[in-house]
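In: Sequence first, then the predicted structure:
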Amino acid sequence: AQSVSQHNHHVILSEAASLELGCNYSYGGTVNLFWYVQYPGQHLQLLLKYFSGDPLVKGIKGFEAEFIKSKFSFNLRKPSVQWSDTAEYFCAVIDMTTDSWGKFQFGAGTQVVVTP
Amino acid sequence: EAQVTQNPRYLITVTGKKLTVTCSQNMNHEYMSWYRQDPGLGLRQIYYSMNVEVTDKGDVPEGYKVSRKEKRNFPLILESPSPNQTSLYFCASSLNVGNTIYFGEGSWLTVV
């Protein structure tokens, strides 16, 4: 079955530390990839997306992600986190080539806590 | 303002009492979908719709119904709610399939 895996369920780090969240998917064809963030008590908001082109994409709030097709990965990074980055982060994938076109799959999420 | 609006935001109901969660978007989006969010499971897609009168099952459609009679509305219907449907529900829309999804504020549903 097609799936999206996020490697860490919880991450705790200090302000100014670097952050990298892993995301792997099991689809074999063309995919569109997303990272969403959910701040406490809020709905999901788009951080960044990849459809095609440069595999290194930049998003809002200093986040970036790299699509590595050979590894089926789309890892999220931020060089220096702030307390306000405390949130839950979700990787999402949509397979654009199969008969399950239209189905979005989300990872289970990674809860990130940034301590002052 | 471009938005996805869901109602109610909070609801406590009893087992077996039919309820509907409404969803409306004002962005003329073709694609709409419903998700439930549960701790440790992330978001799971319940149903989606690629356009008016076109709906399809997501990963967890059991116990839910949807309809898409108008482009802007995509209500979620629980014909006979059960406690395992206690969850946080999100409606979402996007311009078309594969494009960025915009989420509503969420609806907290408790079934007792």
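Out: Perfect, thanks for sending it. Being a predicted model, the structure only gives us computed values, none of them experimental.
In: Going by C-alpha atoms from here, please, whenever you check contacts or count neighbours.
Out: Fine.
In: Report the central residue of chain B.
Out: Against the mean C-alpha coordinate of chain B, by Cα atoms, centre = their mean, the closest residue is residue B:34 at 3.1 Å.
In: tell me which element that residue is part of?
Out: strand B:31-38 (DSSP states H and E).
In: for that strand, packing partners?
Out: The criterion is 3 or more Cα pairs under 8 Å, 6 or more residues apart in numbering or on different chains; DSSP states H and E, and the helices and strands that strand B:31-38 contacts are strand B:42-51, strand B:87-94.
In: which residues touch it?
Out: With Cα atoms under 8 Å, 6 or more residues apart in numbering or on different chains as the test, strand B:31-38 has contacts from B:43-51, B:74, B:76, B:87-97.
In: could you pick out which of the residues you listed are near chain A?
Out: Near chain A, judged by Cα under 8 Å from any Cα of the partner chain, the entries from the contacts of strand B:31-38 are B:43, B:44, B:45, B:48, B:50, B:97.
In: residue of chain A with the smallest distance to chain B?
Out: residue A:108 (3.8 Å; Cα to the nearest Cα).
In: Quick check, that residue in contact with residue B:43.
Out: Yes: Residue A:108 lies in contact with residue B:43 (Cα atoms under 8 Å); the separation is 7.0 Å.
In: which residues touch the residue in chain B that chain A sits nearest to?
Out: Relative to chain A, the nearest point of chain B is residue B:42 (3.8 Å; Cα to the nearest Cα). Listed by Cα under 8 Å, 6+ apart, the contact partners of residue B:42 are A:90, A:106, A:107, A:108, A:109.
In: what pairs with the closest residue to the fourth one other than its chain neighbours across the strands?
Out: It stands for residue A:108. Once flanking residues are discounted, residue A:108 sits nearest to residue B:42: 3.8 Å by Cα to Cα, 6 or more residues apart in numbering or on different chains. For residue B:42, the beta-bridge partners under DSSP bridges are residue B:38.
In: Return the distance of residue B:42 relative to residue A:89.
Out: Remark: distance between residue B:42 and residue A:89 (Cα to Cα, to the nearest Å) = 10 Å.
In: Show me whatever sits in contact with both of these two.
Out: Jointly contacting residue B:42 and residue A:89 under the rule Cα under 8 Å, 6+ apart are residue A:109.
In: lowest-confidence helix or strand of chain A?
Out: Least confident helix or strand of chain A, by mean pLDDT, DSSP states H and E, is strand A:104-106 with a mean of 87.
In: Work out the sheet partners of that one and label each with its direction, please.
Out: Under the criterion DSSP bridges, strand A:104-106 sits next to strand A:87-95 (antiparallel) in its sheet.
In: quick one, what contacts the residue nearest to residue A:7 when sequence neighbours are not counted?
Out: In this structure, residue A:7 finds its nearest non-sequential neighbour in residue A:22, 5.4 Å apart by Cα to Cα, 6+ apart. Residue A:22 makes contact with A:6, A:7, A:8, A:73, A:74, A:75, A:76, according to Cα under 8 Å, 6+ apart.
In: Buried subset of those residues, written for ChimeraX?
Out: The ChimeraX command for the buried members of those (criterion: 16 or more other Cα atoms under 10 Å in any protein chain shown) is given here:
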select /A:6,73,74,75,76
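In: Restricted to strands, list the contacts of residue A:22.
Out: Among the contacts of residue A:22, DSSP state E puts A:6, A:73, A:74, A:75, A:76 in strands.
In: Distance to chain B and pLDDT for those residues - can I get that in a markdown table?
Out: Converted to a markdown table, these look like this (distance: Cα to the nearest Cα, whole Å; pLDDT from 0 to 100):
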| residue | distance to chain B | pLDDT |
| --- | --- | --- |
| A:6 | 10 | 94 |
| A:73 | 18 | 95 |
| A:74 | 16 | 97 |
| A:75 | 17 | 97 |
| A:76 | 17 | 97 |
